[in-house]
Each structure stands twice: as C-alpha cells, then as structure tokens.
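>>> starting from these lines, generate the structure:
(chains A and B, ligands or ions: 2)
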Amino acid sequence: MAQIVFDQVTKRYGDVRAVDDLSLAVGDGELLVLLGPSGCGKTTALRMVAGLEVVDEGTVAIGDRVVNDVEPRDRDVAMVFQSYALYPHLTVAKNLEFPLRQRGVPKEERERRAVDVARTLGLEPFLGRKPGQLSGGQRQRVALGRAIVRSPKAFLMDEPLSNLDAALRVQTRADIVALQQRLGTTTIYVTHDQVEAMTMGHRIAVMDHGRLQQVAAPQELYDRPGNSFVAAFLGSPGMNLIGGRVAVEAEGGTAIRTAAGDVLLQGAQASVASHHEQPVVLGVRPEHLRISPGGALEGTVLLVELLGAETQVICELADHSRVVVRQQADQARPRLGEPVRIAVEPAAVHLFTEDGSRLEEKTAA
Amino acid sequence: MPAEPVSDAPGAAAVLPAEGAVPRPQGAAPGEAHRPTPRAGRSRRRLRLVARYLLLTLGALVVLLPVYLTVVNSLLPEPALAHQPPYLYPSHAQWQNYSTAWVGGHLSIYLRNSVIQTAIIVVGQLVTSILAAYAFAFLRFPFRRTLFLLFLSTLMIPFEVTLITNLDTITSLGWYNTFAGLTVPFLATGFGTFLLRQAFLQIPRDLQEAAALDGYGHWRFMTRVAVPLARPSVAALAVFSFLGAWNQYLWPLVVTGNNNAVRTVQIGLKLLVGTNVSSVNVTLAGTVIAVTPLLILLIVFQKQLVRSLTAGAVK
Ligand SMILES: Nc1ncnc2c1ncn2[C@@H]1O[C@H](COP(=O)(O)OP(=O)(O)O)[C@@H](O)[C@H]1O
Ligand SMILES: [Mg+2]
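Ligands and ions are numbered 1, 2, ... in the order given. Reported below is the predicted structural model:
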C-alpha cells in the first residue's frame, strides 16, 4: 500500500558520504533489491527509511508522505535486522506479539495473530521456546514473522540471510519471495550477494561508494550493465574488462586494439567507437569467450577451475590482466601454462569509457 | 552527594569471605620448563586439584571459625565464656540468651528500623542506578562522557570524607533523627550506575532500534527489555546495596541521636553492651540475630553474587 521514494538523499558521517545523492523510487508492492559491496551505503539507505538515521539532505517519502521528521514508530515500516534482533528473554510467541503490544491490539487478537504468523512460517512447534533454543534458520523466521505480524506498509530487510548456511539460504530466499508475493507488501531487500539479488528482485538497485549505479530488472542489468562497475559486480565471476583503444582500420572495419590482440567489432558496436585512438574498456562475459586457435586474444592458462557442469579457465593476457573463460565441462581443457588464443563473440561485446560509463550503441546505424 | 554505603559494622567481616580466602588457580609452577609426559601431567593435575581444595578448605575454616565461635558463645552461660580452654560447643545451650537480647535490647524495633532503612536505600539505589545507567548506555546527550567520569570519580571518595558535610546538610534540612536523614545520602550510587551501565552496554543496539520501530519508547524499552536482560546485574546490585545498607554503622550512629524510633539494629547492638541485660553472650546472641537476614539473603542470591563478582574478571 505504499511506494518509497528517495529524492536526492545524502547522508554523511564526518567526511564520508555514506549515501550520496540517492534518487530512487520503489513501487507499491515491489521487491527492490539494494545491491552493492560491503560499505557502499545500503544499510544506511535502509535505516533512513526506517527513521533510524537522520537524512542530511533530500527527502525520503513513504506513501505520499515525506517522513524525514517522522518518528520510526509512526512510519509503519518493519525491519528485519541482519542480527535478527530477537528479544532473548522472551519466547517466540512473545517475540511475535511484541510489535502488537504498543498498538493497542487486544491480548486474544495478539495471540491469534502470533499463532497465525507462526503457522505460516512453520514456527508453531517453537512458540514456547526462547531465541537461544532455536537454530539460525528458525531465528531468522521469527525475525521475519515479527516483521509481518503487524502488516506494515513496507518491509525493510538488511541482509537477512547472511547468517545462514548456503543450502538454507537458497531455501529461505525462495520462501521470502513467495511470502512477499502473497502479501504484496513493498519491500526493500539489502544484500551484497548478487545471486540473491538476481534471483529475488523485481528490480535491482546497484550502489557503490554511496552512489546509485543503476536500477533495472535483473536480466537487463546483466545484459546491459550501465557501467563497468555494474558489469564486473554482477555475474560470478563478473564481466571481463580489457583496456584498449579504438582502431579504425583502412578497410572500414573498427577494432579494439588491446595488449593481447585486436578485437573486431560488428554492426552496432562499431558505431559506438568512432574516434580513432579513443581509449575504451572492452567488456565481455566469461560465457562469451572461447578458447579457439583462431581467437583474437593471446594469453596463457593460469588456472583451470572445475565446477562440475562447467569449467572456468583463467588466462593471463600480455599486460598481466586476467580474463575468465567459461566452457562446458565436456570441452577439451587446456593445460596449465599453455599458450592459448581466445575468441570473443562479437555480438556480446560491451564498451565502456575509461572512467567506466557505458558507450551506448547508436540505434540508427 | 552520591556516596557509597560503607560496611563498617563488625558483623560484616565475618559474613563476607575475606579477600584471598578463595585462592585463584595458580598458573604453571615456576620452573616448569619441560613438557611433562601424559601420565606425569595427569598426576600433577590431580595434585594441583588436591592442593587447591586444601587451600579452599583452609580458607573456609579461617572465615567460618569466628562465625562458629560467635554462635557457640551466644549459647553459653556467661561464666562459661571465661573458661579455659574455651568451649568448642555448647553442651547445655542457653537459648534464653536470644530472648534476653531480643526483649531487653528492643531488637524488634531496631530490626524493623533496619528493614525500613535498608528497603528505602535498596529501592532508591536500584531506581536511580537503572535510570542513570540507561541514560549513559542508550541516550546521547552533551557531556555524556564527562558526566560519567564524574559519576565514576565518586567511587574514589570514601564516605567518611563527606560525613561532616552530609551531616550538616541533613541537619539543616531538618532531617536529623529521621528515616530521610538515614537514607537520602545513599539513594544514588556511582557504583550501581557503573555496574548497570556495563550490563546495558551488552545489549545489542539492534534490539533498541527494533523496539523503536515497534513503537516502544525509551521508557517501555527500558522496563520491558533492558532491565529484564540486565537482571543478573540488577539482582547483584540489590544484594550489594542491601549488604551495604544493613551493615551501616557510622552514619546511623551520628544521624539518629537517641531516637529509638529510627535507630538501626547495628546501633542497637552497640547499645546492648551498655544496658542492664549486658553480657557478652547476650550481645553475641544479638549479633547473630542481626546477621541472620544477611545470611538468608546471601544464601538465596549466592548464584547472582558469584556471577556478578566474576563477571568481567573472565573475558
Ligand atoms: N554510525 C556510523 N558512523 C560512521 N560511519 C558510518 C556509520 N555507519 C556507517 N558508516 C559508514 O558509512 C558507509 C556505509 O556504511 P553501510 O551503510 O553500513 O554500508 P553497507 O550496509 O552497504 O555495508 C561505510 O563507509 C561505513 O563505514
Ligand atoms: Mg550493511
């Protein structure tokens, strides 16, 4: 029932701009993932929505109301803390009822709603236990339950899965997505884990150093990263970035000249790099590289990582930069130290300026 | 103004284990340079355990013997006290010593007064310490650090130093010979504030923020979450202030004049010496009576007390 809008929001800690001029609108009922490396300002942004941090500049609005000066309790948002923040001296039932006590909900109704929520989350057998007697996953669910029990306008989740083991994380993130879908509650979900972001978010907002880098649907973010930071941050491993210069060749073709060889551009891409000698960064995902005798780039094999279905071949180029080549497990694996040539799929090339911003293809061409 | 209740009554020393009575486990013996074989290690460990318990037993004896002799002597007829060698147990326990002390020494009134005085001080200290400690731990206000250091510095001032000033203040307030005069100087404590602040600081900030989002202000968070979580420390503080208040001697002596309506039991014991029922065995019976509430308290709260004394020692 509420959208959340950041409008040119800045938060400083001394000289550090933890959040820098953030403008972002989270739609009503949307699950937006705030993604970025540790220390990029995700938590700070979330806490400003909750009212736990003061906004230095700009406005934060929930629904139609600017909430800069609204007390946390009056914002009607629920937060799931990374630490879960369960009350150790209260039972699960009491923890679940806790948010309702201050809202004048009568006792029977409180108990009924706590049991309802516990049932939804499979916590019914543990209602009488204290948090100390629960597993990490159960605690996490109690934290989730405490957020949903009072049907707030929005959920704010700060890395709620980071304390769980890998298998449980996969399971729980699906549960959270299903729950959010069913409740239709606007949710901001903070994580540094790009797999989590890709699998959960309707849209992903990528942050770095307090600044918003790009907001887009997961696939679009992956396919058309707005800058080299996003390109390298998404995917595991991220996009390979190779420095080079534009070389407009006599025959009319355009190539990117790198230390390891020339990569010919095709069609739309060629139109981007028009100035001869213009410095650019060539980006290509590991799955769009191939070890092949006719490849454009020259390198040596540094490491071969077997991942079961796939193999990652890490190669060192002439300028000592590294690229990762992903290939199917049944393809022939190069030996360590072997000199190889790497082919680049021309249609899958991304181009960025030296300072990282994307060179947009001119559609006219 | 805030000063520590000083335990200056003679009864206190016998009840609280003396310093050093509980030896800390010794580290590696000096000169233990070479690695012992497993078997030698095990027997050495056993030896060390035996030594430790011997020491503990010895310590317990040293502490408990005076207590025991007090009880024995309080049950002997007066002439028997001078007997050489001293009796180590009362063959014909003279229980009427206790009723003599109780009736002749007006102990019931004094005990009642002590209970009132102690209750006021304990409750007062808990309330002020909880509030002050909460503020220092959870609120942000100007000069927080400086104020806290100021609180701490009151721990350095022995009560005796402020005795005259306090007496002056109390008298000019017209509180001489009243419960107010007896208790007000002890209603705040730097020690209690420090103890509870440390306990409150252990509480994750997330809890307070989660509660704030759920609509809990500071007051409700304090009563519903912070104090329940700090319960061991709160209990320890209650025991400490009880001990301190109950065992007070000097302050009640100077501030109660000759008003039996407010005199505490420690003063009552002193008076017992000078009355017509006076005899050493009766005085000792009175002492045992005066100490009994403390003993009960210590037994009930033993666990909390030990935990709070060792908290911070480890870590
Ligand atoms: N209370 C604070 N005081 C000072 N600096 C802070 C505080 N909280 C966060 N920061 C700084 O702000 C930046 C962003 O922090 P945070 O929002 O916690 O990042 P993230 O959640 O993305 O890891 C970091 O550089 C961090 O050191
Ligand atoms: Mg964070």
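>>> for ligand 1, what's the nearest residue on the stretch 51-200 of chain B?
Ranked by Cβ to the nearest ligand atom, the top residue of the stretch 51-200 of chain B for proximity to ligand 1 is residue B:140, at 11.8 Å. The C-beta positions use only the backbone N, C-alpha and C, and glycine is treated the same way.
>>> give me the three-state assignment for that residue.
Per DSSP: H, G, I helix; E, B strand; the rest coil, the local secondary structure of residue B:140 is coil.
>>> where do the helices sit along chain A?
Taking DSSP state H to define them, one finds helices in chain A at A:42-50, A:92-101, A:107-120, A:136-148, A:166-183, A:194-200, A:218-223, A:228-233, A:267-272.
>>> now do the contacts for the closest residue to residue B:90 other than its chain neighbours.
Distance criterion Cβ to Cβ, 6 or more residues apart in numbering or on different chains; nearest residue to residue B:90, sequence neighbours excluded, is residue B:75 at 4.0 Å. Contacts for residue B:75 were tallied using Cβ atoms under 8 Å, 6 or more residues apart in numbering or on different chains; they are B:90, B:93-95, B:97, B:281, B:285.
>>> list the contacts for the residue in the stretch 251-365 of chain A that chain B sits nearest to?
Ranking the residues of the stretch 251-365 of chain A by distance to chain B (Cβ to the nearest Cβ) places residue A:356 first, at 35.4 Å. By Cβ under 8 Å, 6+ apart, the contact set of residue A:356 is A:227-229, A:281.
>>> how close does it get to residue A:284?
Taking Cβ to Cβ, to the nearest Å as the measure, residue A:356 falls 16 Å from residue A:284.
>>> of the contacts of residue B:75, buried ones?
B:90, B:94, B:97, B:281, B:285 (16 or more other Cβ atoms under 10 Å in any protein chain shown).
>>> residues touching the second one, list them.
Taking Cβ under 8 Å, 6+ apart as the criterion, residue B:94 is in contact with B:75-77, B:281.
>>> equivalent analysis for residue B:268, please.
For residue B:268, the set of contacting residues under the criterion of Cβ under 8 Å, 6+ apart consists of B:105-107, B:109-111, B:286, B:290.
>>> any idea how chain A splits into domains?
Following the assignment in automatic domain parsing, chain A carries domains at A:4-232, A:239-364.
>>> lowest average confidence across those domains, which one?
The weakest mean pLDDT among these belongs to domain A:239-364, with a mean of 87.
>>> now do the buried residues in stretch A:328-342.
Quick answer for stretch A:328-342 (16+ other Cβ under 10 Å): A:334, A:340-342.
>>> got a list of contacts for stretch B:178-185?
Identification of contacts with stretch B:178-185 by Cβ under 8 Å, 6+ apart yields B:1, B:3, B:113, B:116-117, B:120-121, B:124, B:162, B:166, B:169-171, B:173, B:175, B:245, B:251-252, B:255-256, B:262, B:264.
>>> can you turn the buried part of the residues you listed into a PyMOL selection?
For selection in PyMOL, the members of the contacts of stretch B:178-185 meeting the burial criterion (16+ other Cβ under 10 Å) are listed in this command:
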select buried, chain B and resi 3+113+117+120+121+124+162+166+170+175+245+251+252+255+256+262+264
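>>> and for the closest residue to ligand 1 within the stretch 151-300 of chain B, the neighbour number?
Each residue of the stretch 151-300 of chain B has a distance to ligand 1, by Cβ to the nearest ligand atom, and the smallest belongs to residue B:205, at 10.0 Å. Taking other Cβ atoms under 10 Å in any protein chain shown as the neighbour definition, residue B:205 ends up with a count of 14.
>>> and residue A:99, by the same measure?
Here the neighbour count serves as a burial measure; for residue A:99 (other Cβ under 10 Å) it reads 26.
>>> ligand 1 is nearest to which of the helices of chain A?
With Cβ to the nearest ligand atom as the measure, helix A:42-50 is the member of the helices of chain A nearest ligand 1 (3.0 Å).
>>> quickly check: that closest one near ligand 1 or not.
Yes: with Cβ under 6 Å from any ligand atom as the criterion, ligand 1 is reached by helix A:42-50 at A:42-44.
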